[in-house]
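**Student:** what's the 3D shape of this:
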Amino acid sequence: MVKISFQPVSAQKPEKQNDGDKEEIVMSYPQDELVLPLRPKKSPVSGICCLTLGLVIFMSGLIMVSVYVYRYYFTPQVRHEIPEDSLFHCRVMYEDSVYAPLLGRQELQENVGIYLEDNYEQISVPVPEFGGSDPADIIHDFHRGLTAYHDIALDKCYVIELNSTIVMPPRNLWELLVNVKRGMYLPQTYLVQEEMMVTGRVKNMRQLGPFIHRLCYGKETYRLKRRSAHKRIYKREARKCHSIRHFENTFVVETLICDRA
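**Tutor:** Numbers count the residues shown, from 1 in each chain. As a prediction, the model looks like this:
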């Protein structure tokens, strides 16, 4: 017969006891046994959820940034697709008091887009039939209070504060062009001259707003200052100037842009 018992570990060796046919086997075990708690295993599903959530947040931020950039820098380019009643092809007859005895009545053609929602106008003047004027694209941004001229012949941009005494607001210009289209107004008009001087180069293009920024992006862009009437020099050969003739009111405007002397 075998008897198995457990007793605490002690420094003394266990004594062997012989009790007839009985044999006792003594097994020792430690009193304080360290039992570590089992750590629950991480589920792979929770890791996938965290990764998915991070991707969703990242993609949401990317989409918001993309929408912002598209709205403010690319949408104006797409908005050429505006209703037909906001696009006009104008043909205006006018008299030039300087050249009238030689040429008589002259004709000016241009394409005009009226963007009422964004409060700006875009004018495209093709190569004129008679020399003396450059083809150009013009933007009057009433929200920013700025006008930009892109002289296509020079491939340069010029920016100046919008002159509201000459340029009609979008709603008024739209009404005028609708009436002209119906043949109600402006069978013939006259020419008004304005002169501007280049003052310096524009370095920060984004401050000009999205519409002018799109027009002048990648081009040399300069600021202009208007010359007062008594300071004008009417001999064009005495200074380096170029002119842009355009129609944005009940009269034709000749904008003279002169380099600094």
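
**Student:** any low-confidence regions in the stretch 151-261 of the chain?
**Tutor:** The stretch 151-261 of the chain contains residues with pLDDT under 70 at 229-239, 261.

**Student:** ok, now with 90
**Tutor:** 177-191, 203-207, 227-240, 259-261 (pLDDT under 90).

**Student:** strands of that one, start to end?
**Tutor:** For the stretch 151-261 of the chain, the strands defined by DSSP state E, counting those that start in this stretch cover 156-161, 189-201, 220-226, 241-247, 252-258.

**Student:** now those strands in TSV, with distance to D137 and mean neighbour count?
**Tutor:** C-beta coordinates here come from the backbone N, C-alpha and C atoms, glycine included. Formatted as TSV, these follow (distance: least, C-beta to C-beta, whole Å; neighbours: other C-beta atoms under 10 Å):
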stretch	distance to D137	mean neighbour count
strand 156-161	9	20
strand 189-201	17	15
strand 220-226	13	16
strand 241-247	10	20
strand 252-258	13	21
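
**Student:** could you dump those strands to JSON lines with distance to I63?
**Tutor:** As requested, the strands of the stretch 151-261 of the chain are exported to JSON lines (distance: least, C-beta to C-beta, whole Å):
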{"stretch": "strand 156-161", "distance to I63": "32"}
{"stretch": "strand 189-201", "distance to I63": "36"}
{"stretch": "strand 220-226", "distance to I63": "32"}
{"stretch": "strand 241-247", "distance to I63": "40"}
{"stretch": "strand 252-258", "distance to I63": "43"}
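
**Student:** of all these, which one is nearest M168?
**Tutor:** Closest to M168 of the strands of the stretch 151-261 of the chain is strand 241-247 (C-beta to C-beta; 10.2 Å).

**Student:** adjacent strands (with direction) for that closest one?
**Tutor:** strand 252-258 (antiparallel) (DSSP bridges).

**Student:** contacts for the strand it pairs with next, please.
**Tutor:** Outside strand 252-258, the residues within contact range by C-beta atoms under 8 Å, 6 or more residues apart in numbering are 92, 94, 108, 133, 149, 151, 158, 166, 189-198, 224, 227, 236, 239-247.

**Student:** let me see the contact set for the closest residue in space to G104 that isn't next to it in sequence.
**Tutor:** Nearest non-adjacent residue to G104, counting by C-beta to C-beta, 6 or more residues apart in numbering: E95, 7.9 Å away. When contacts are counted by C-beta under 8 Å, 6+ apart, E95 touches G104, R105, Q106, Q188, T189, Y190, L191.

**Student:** run a quick neighbour tally on the nearest residue to the second one once chain neighbours are set aside.
**Tutor:** Among residues not flanking R105 along the chain, M93 sits closest, at 5.1 Å (C-beta to C-beta, 6+ apart). Residues within reach of M93, counting by other C-beta atoms under 10 Å, total 14.

**Student:** pretty sure M93 contacts Q188?
**Tutor:** Yes - the criterion here is C-beta atoms under 8 Å, and M93 meets it with Q188 at 4.8 Å.

**Student:** where's I212 relative to D259, distance?
**Tutor:** I212 is 21 Å from D259, where distance means C-beta to C-beta, to the nearest Å.

**Student:** across the sheet, point out what pairs with the closest residue to C216 other than its chain neighbours.
**Tutor:** Leaving aside its chain neighbours, C216 sits nearest to C157 (3.6 Å; criterion: C-beta to C-beta, 6+ apart). Under DSSP bridges, the beta-bridge partners of C157 are H150, T221.

**Student:** tell me who's in contact with C157.
**Tutor:** A148, Y149, H150, D151, V202, I212, L215, C216, K219, E220, T221, Y222.

**Student:** is it true that the fourth one touches A136?
**Tutor:** Put plainly, it is D151. Yes - with contacts counted by C-beta under 8 Å, D151 reaches A136, the gap being 5.5 Å.

**Student:** sounds good, over and out.
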